[in-house]
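A.B. asks: Provided below for reference: sequence and predicted model.
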Amino acid sequence: MYSITKEIYFCYGHRLMNHPGKCKNIHGHSVKAAITLQSERLNDQGMVCDFADIAAASAAFIDSELDHNFLLHKDDPLVGMLQQANERCMVLNEHPTAEYIAKLIFDFILAKGYPVREVTLWETASACASYRETHS
């Protein structure tokens, strides 16, 4: 089995409602997303995928939806205020945790037809969350 990993860097703001610690407050992160693709065979260029192709595919979602955006749960009372002030925000059905953001990126890359195995989101230099699907 072959695999490649492309790292993508971006920033976002969020807060985690009802969190017992500091994460309940508005804050931001400069993150690294590591997108891993896997294949049993190499393409006609001898690659799983060209790194530039996965960078371009992920940028279509990350640049337009996540980078320099404020991510909020749909029940967060800040949603209405930000929308009324014409501030950019992404309203999510789940809490905007690193785990959920990794899943959002995974789902987007998979929908684009890439053989994504895992997405890991490094929220800090020492803390990351990953998403991968298990296959039976």
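C.D. replies: Perfect, I can see it now. Numbers count the residues shown, from 1 in each chain.

A.B. asks: tell me which residue of this protein is furthest from the middle?
C.D. replies: For the chain, the C-alpha farthest from the mean C-alpha position belongs to Asp44; by CA atoms, centre = their mean, that distance is 29.3 Å.

A.B. asks: that one falls within a helix, correct?
C.D. replies: No. Under the criterion used here (DSSP: H, G, I helix; E, B strand; the rest coil), Asp44 is coil, not part of a helix.

A.B. asks: pLDDT score for it?
C.D. replies: Per-residue confidence at Asp44 stands at 95 (pLDDT).

A.B. asks: swap in Ala60?
C.D. replies: Looking at Ala60, the pLDDT reads 87.

A.B. asks: so who does it touch?
C.D. replies: Shown in contact with Ala60 (CB atoms under 8 Å, 6 or more residues apart in numbering): Phe108, Lys112. Yep, even glycine has a C-beta here, placed from its N, CA and C like the rest.

A.B. asks: give me the element it is part of.
C.D. replies: Using DSSP states H and E, Ala60 sits within helix 51-61.

A.B. asks: what is whatever helix or strand comes next after that helix packed up against?
C.D. replies: Once helix 51-61 ends, the next helix or strand along the chain (criterion: DSSP H and E) is strand 69-73. In terms of contacts (3 or more CB pairs under 8 Å, 6 or more residues apart in numbering; DSSP states H and E), strand 69-73 is packed against strand 2-14, helix 78-84, strand 90-92.

A.B. asks: shaky segments in the chain?
C.D. replies: For the chain, residues meeting the criterion pLDDT under 70 lie at 135-136.

A.B. asks: does anything pack onto the longest helix that it contains? Which helices or strands?
C.D. replies: Taking DSSP state H as the criterion, the chain has its longest helix at helix 98-111. Packed against helix 98-111, as judged by 3+ CB pairs under 8 Å, 6+ apart, are the following elements: strand 27-39, helix 51-61, strand 116-124, strand 127-131.

A.B. asks: repeat that for 10 Å
C.D. replies: strand 2-14, strand 27-39, helix 51-61, strand 69-73, strand 90-92, strand 116-124, strand 127-131 (3 or more CB pairs under 10 Å, 6 or more residues apart in numbering; DSSP states H and E).
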